[in-house]
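1. Could you look at this predicted model? Sequence included:
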Amino acid sequence: MSAAGKILAVTSGKGGVGKTFVSANLAAALAGRGERVLVLDADLGLANLDVVLNLFPKVTLHDVFTGKATLEQAILPAPGGFSVLLAGSGLVEYSRLTPQVRDQLADIIDQVTPRFDRILLDTGAGISDVVLHAVSLADDVLVIVTPEPTSMTDAYATIKVLATLQQRRHIRLIVNQVSSAGEGRTIRNQLQLVVDRFVAPQLKAQGDAEPLMLELTGEIPIDPLVREAVNKRSLLLTGAPGAPASRAIVAAAARMAG
Amino acid sequence: MPPPTDPSTRESQALNLDAALQLLDQSGHRLPDRRQAGKALWLQAVIDGLCELSSRDPLTGLANRRHFELMLAGEVDRVARAGEPAMVLMIDIDHFKKVNDAHGHPAGDEVLKHVARALQESIRPMDTVARFGGEEFAMILPNCAPSFAQAVAERIRLRVQAMTIPIAPGEKVSITVSLGGAFAPQWVRSSPLLWVERADQQLYRAKSEGRNRACLEQPAVSLVSPEEKGLLFGTSQFQEFL
């Protein structure tokens, strides 16, 4: 049994909201607190954690799946003091969730769990079977959302599916690219309002009265240094630790560590 | 038999089709016209007959598992492209073993045939119903919206329940079925195996909740209604997007 929150799925609904950016920098922030952190590229079909971290992996999950490499060989050190398991881009065939992929992914997570304090599953965008499966392997979920209406709508749809299909009762939120302090709280409250009004009755009809709580884990301000770091393919946290966005991510990590 | 007219006909007459023709004959297939033997059209008719034979369950005449899996793979692709709702239903006869034990296997076969006919009569032309194995049947229902899926499953359940099946002169039995259903996730490619597995989980639920009932998986409602959007963006801050 793993402690609650040990395996955290990071998802978003909509793509392009900074999901992988947040995963990588959050991992660095947690590592900075002394945690042994692994980020697993669970976006099997369209992985880009390697791009964000400027890594050129010779060994990927694909090699582990096909028996060409051991798990040991595929766990790589990343800048920022954490470890990564990269999917590589040869995994397009895994964008369809077959029982084999499902079992292999679950198996790998089982094997790495005892060796780390925290495992972040960086999932794909959208609500595909692979994403839902990856999330089902985690004991906590973090949804990344931006104040954009499309992002909020997709985040809401994701939350709804996770609540009804996976009986999630606690979902973390990080609101990325806020333009003013407190905007994250507003968005969290708005999402909670719609959840209470439209999702809660559905859960009750399923015979589950426990409410779904959205927890605001952090808000990250719009910060020109973020774009700079992403373009340089480096971690914001190591490149610009004093940046407002860096400080926000460190605060989010502290909130997660409880 | 007319003399072969061209080399390809001569060549195809060298084929040994005895076993194939015997199979078709035994299964009650109308054999293609003997006088055309060896011609391409005749061969095509033999092949079509064999294909038909290898996709049917001999006892019930329903599609067999092989054909079902083929149709299911096609449906997965169609749903992923078109985003239409679709349901897979797994249907299992309750306490079938008791029928066999009490009345013998011919009675069991009679029950299977009657259930097969009832299922066949409950579906629309675009649906597929198959004998999945033993006393388990499976259905693919394209374009089956979650809002009326429960009613569809109930209709099937009641139809079977209402039947009295003659198993021997003067002897009749009544049986019930349990049903489990799962929807294809829209806009998303799933695997056929996983889809059936999810429906099977619901069937298991129906069995453990007392049988003679239909349990459907809650569909993944990823659509956001205008009402939900209205509330989501209802505050002044988001007015501009309404």
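-> Done, it's in.
2. Could you use CA atoms for every contact and neighbour count after this?
-> Will do.
3. helices or strands up against the one helix or strand B:Phe132 maps to?
-> Taking DSSP states H and E as the definition, B:Phe132 sits inside strand B:128-133. In terms of contacts (3 or more CA pairs under 8 Å, 6 or more residues apart in numbering or on different chains; DSSP states H and E), strand B:128-133 is packed against helix B:65-82, helix B:105-122, strand B:136-142.
4. Of these, which is nearest chain A?
-> helix B:65-82 (10.5 Å; CA to the nearest CA).
5. looking at it, A:Val84 is touching A:Asn48, isn't it?
-> No. A:Val84 is not in contact with A:Asn48 according to CA atoms under 8 Å; the separation is 12.0 Å.
6. More neighbours: which of these two?
-> A:Val84 (25 against 21; other CA atoms under 10 Å in any protein chain shown).
7. Show me what the more buried one is bridged to.
-> Taking DSSP bridges as the rule, A:Val84 bridges to A:Val39, A:Leu76.
8. dump the residue contacts of the closest residue to chain B within the stretch 51-200 of chain A.
-> Going by CA to the nearest CA, chain B is nearest to A:Ala157 of the stretch 51-200 of chain A, at 4.9 Å. By CA atoms under 8 Å, 6 or more residues apart in numbering or on different chains, the contact set of A:Ala157 is A:13, B:221-224.
9. TSV please, covering the helices and strands packed on strand B:128-133 and showing mean neighbour count and distance to chain A.
-> Below are the helices and strands packed on strand B:128-133 laid out as TSV (neighbours: other CA atoms under 10 Å in any protein chain shown; distance: least, CA to the nearest CA, whole Å):
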stretch	mean neighbour count	distance to chain A
helix B:65-82	17	11
helix B:105-122	18	28
strand B:136-142	23	19
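10. Let me have those in TSV, extended by distance to A:Pro201 and mean pLDDT.
-> Converted to TSV, the helices and strands packed on strand B:128-133 look like this (distance: least, CA to CA, whole Å; pLDDT from 0 to 100):
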stretch	distance to A:Pro201	mean pLDDT
helix B:65-82	28	86
helix B:105-122	33	96
strand B:136-142	28	96
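11. could those be laid out in TSV, adding distance to A:His133?
-> Below are the helices and strands packed on strand B:128-133 laid out as TSV (distance: least, CA to CA, whole Å):
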stretch	distance to A:His133
helix B:65-82	18
helix B:105-122	33
strand B:136-142	24
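12. Give me the contacts around the helix or strand hosting B:Leu21.
-> Taking DSSP H and E as the criterion, B:Leu21 maps to helix B:18-26. With contacts defined as CA under 8 Å, 6+ apart, helix B:18-26 is touched by B:30-31, B:46, B:49-50, B:53.
13. Equivalent analysis for stretch A:102-109, please.
-> A:65, A:71, A:130, A:133-134, A:137.
14. do that again at 7 Å, thanks
-> Outside of stretch A:102-109, the residues within contact range by CA atoms under 7 Å, 6 or more residues apart in numbering or on different chains are A:65, A:137.
15. what's the closest non-adjacent residue to the residue in chain B positioned nearest to chain A?
-> Among the residues of chain B, B:Ser222 lies closest to chain A, at 4.9 Å counting by CA to the nearest CA. Leaving aside its sequence neighbours, B:Ser222 sits nearest to A:Ala157 (CA to CA, 6 or more residues apart in numbering or on different chains; 4.9 Å).
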